[in-house]
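Colleague: Below is the sequence, then the predicted model.
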Amino acid sequence: MIVITIVMFEKAVCQSMATVVRPNISRRGAPHQDRSQKTLNRILNAAGELLEQVGFEQLSTNAICKQAGVTPPALYRYFPNKYAVLKELGERLMADQNALLKDWPSAVDDLRQIELEIAQLLTQTVRVTRATRGGAWVMRALHATPALSDVRVKSHQRVARQMTDHLVRVRPNLDEAQAYQRIRLGVELGYALIEMVFDEPELDERTLIHQAAGLLTDNIRTLVPDAPGAAQPLA
């Protein structure tokens, strides 16, 4: 009887875990007037400020309303919960970061130049994240919250696809599937470096970026082994 009870309990736990309902993170509407847009921006700015003060675990819609000076109905007009607010912040941050990738890299036939451009790209991405209210905490939330993981993953996939398409246009002889997989790995490693810069500020940022640039260049080298310019340590 005891064994049967334990088995039934374990089965119930497994079924409960399998049917966990994720929160609705879709924005409810878009502002149609200047006043509404200002209210939306106040909500997002307040959320960013609170993230810097208390982190995403302590973030709440009530705290956001108080910080923004708006009523709860004003917030719920656009966002059903704090996860929807975090999603909006995440999408905006990812868009600003990804905008740095336009026509990147400028050349794929010189690995030394590619390594320099990767270092510049990582540096600029850190600056954009640092300049965004709560930027580091937004990245942490996207990484640690299952309901928000698609925002990060889909953004990284778009970046990898954009870079792959650019590379294949320049190097049409490349295996596109292999190129995408290599570049997708590189994108993930690059964002891991960005998170590391904020999570471990005691480490030397410039050195980390240059070391990561070398590793990411090695990853590209496997795709274009005939390109001149063996990777050299950056000064």
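Modeller: Yep, it's here.
Colleague: Counting by contacts, list what the longest helix anywhere in the chain packs against.
Modeller: Longest helix in the chain, counting residues (DSSP state H): helix 176-199. Where contact means 3 or more CB pairs under 8 Å, 6 or more residues apart in numbering; DSSP states H and E, helix 176-199 is packed against helix 111-131, helix 135-144, helix 149-170, helix 205-221. To be clear about C-beta, it is placed using only N, CA and C from the backbone, and glycine gets the same treatment.
Colleague: Can you say which of the ones you listed is packed in most?
Modeller: Highest mean neighbour count of these: helix 135-144, a mean of 21 (counted as mean count of other CB atoms under 10 Å).
Colleague: and that one with helix 149-170, angle?
Modeller: 100 degrees (axes from the mean of the first three to the mean of the last three CA atoms, to 10 degrees).
Colleague: returning to that earlier point: pipe the helices and strands packed on helix 176-199 into TSV and attach distance to residue 94 and mean pLDDT per row.
Modeller: Output for the helices and strands packed on helix 176-199, formatted as TSV (distance: least, CB to CB, whole Å; pLDDT from 0 to 100):
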stretch	distance to residue 94	mean pLDDT
helix 111-131	10	92
helix 135-144	8	94
helix 149-170	4	91
helix 205-221	19	93
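Colleague: Among the ones you listed, single out whichever gets nearest to residue 99.
Modeller: Among those, helix 111-131 comes nearest to residue 99, with 8.4 Å by CB to CB.
Colleague: Quick check: buried residues in the longest helix of the chain?
Modeller: 179-180, 182-184, 186-187, 190-191, 193-194, 197-198 (16 or more other CB atoms under 10 Å).
Colleague: Now it: average pLDDT?
Modeller: For helix 176-199, the mean per-residue pLDDT is 95.
Colleague: For residue 67, which non-adjacent residue is spatially closest?
Modeller: Of all residues not flanking residue 67 in the chain, residue 46 sits nearest, at 3.8 Å (CB to CB, 6 or more residues apart in numbering).
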